[in-house]
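fold the stuff below for me.
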Amino acid sequence: GIGFRMGRHETDIAEDEISRRQAAERELEAVRGELAVQIAARHEVQVHLEQEVAHRDRIIAEGELNAAKLRESETALRQVFEQNLDSMTILDLETGRFIDVNEEYLRVSGNSREDIVGKRSREVQSFDNPEENLRYAEELKRVGLVRNMEATFRRKDGSTYHGLISAVNLKLRGHLCCVSISRDIGAIKETQRQLIAAREAALESSRAKSNFLSSMSHEIRTPMNAVL
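Take a look at the predicted model:
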């Protein structure tokens, strides 16, 4: 009876050990499952992060490329502005101050950049005739542009010159500005004056020739009539 009880006890211990091991294996399997889920989740997060990083890198690269293109475009526009053979000014209409002028404007007007940039439009006497200045301002206010308006302009030293001015109101870097372009037409006006003078001289010469021929014809015709 004792042997049977001891054998039974050992069997119970063995079964308990097996049960514990099975339970441990189940727990281990559950832990492994949880770890697998966590690893899969982390992998998914990692993939998502890598995609976000790649997307961010693409955005940064595109932004750098766009910035480079913008800088290149701004450089090209700056060169066009500075090297333009016509005088150009940019007036900020919100502040009423000049924000830029090109080299040709400085050469023609005799002003320095410091004389113009930062100054209000009323401080810069570009027009020699106030009525032309008023007509220019009213046209800009009415339709937002002026095309080939002829006017007389004043240089820094007080001398004047004839010019054509065009202007347009537009947005530059978020500010409403007026961009004006003017050209000295003094040489053209002088050529035009010379052509008019030459034409008048030619007409006068033609009239004198006609009068001379008419007079000679009369002088010749009178004695011939007497002879006849």
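
C-alpha only now, for contacts and for neighbours.
Fine.

and the gap between Phe127 and Asn111?
Computed with Cα to Cα, to the nearest Å, the distance linking Phe127 and Asn111 is 14 Å.

so who does Asp157 touch?
By Cα atoms under 8 Å, 6 or more residues apart in numbering, Asp157 lies in contact with Gly110.

you'd agree Gln125 is in a strand?
No. Gln125 is assigned coil when assessed by DSSP: H, G, I helix; E, B strand; the rest coil, not a strand.

who's in contact with it?
So Gln125 contacts Arg154 (Cα under 8 Å, 6+ apart).

hmm, back to that, Phe127 and Asn111: who's more crowded?
Phe127 (18 against 15; other Cα atoms under 10 Å).

tell me the SS of the closest residue to the more buried one other than its chain neighbours?
Leaving aside its chain neighbours, Phe127 sits nearest to Phe153 (4.5 Å; criterion: Cα to Cα, 6 or more residues apart in numbering). Taken by three-state DSSP, the conformation at Phe153 corresponds to strand.

what's across from Phe153 in the sheet?
Per DSSP bridges, the residues bridged to Phe153 are Phe127, Tyr161.

poorly predicted segments of this protein, please.
Applying pLDDT under 70 to the chain flags residues 1-10, 67, 70, 73, 212-213, 216-228.

most centrally placed residue in it?
Leu172 (6.3 Å; Cα atoms, centre = their mean).
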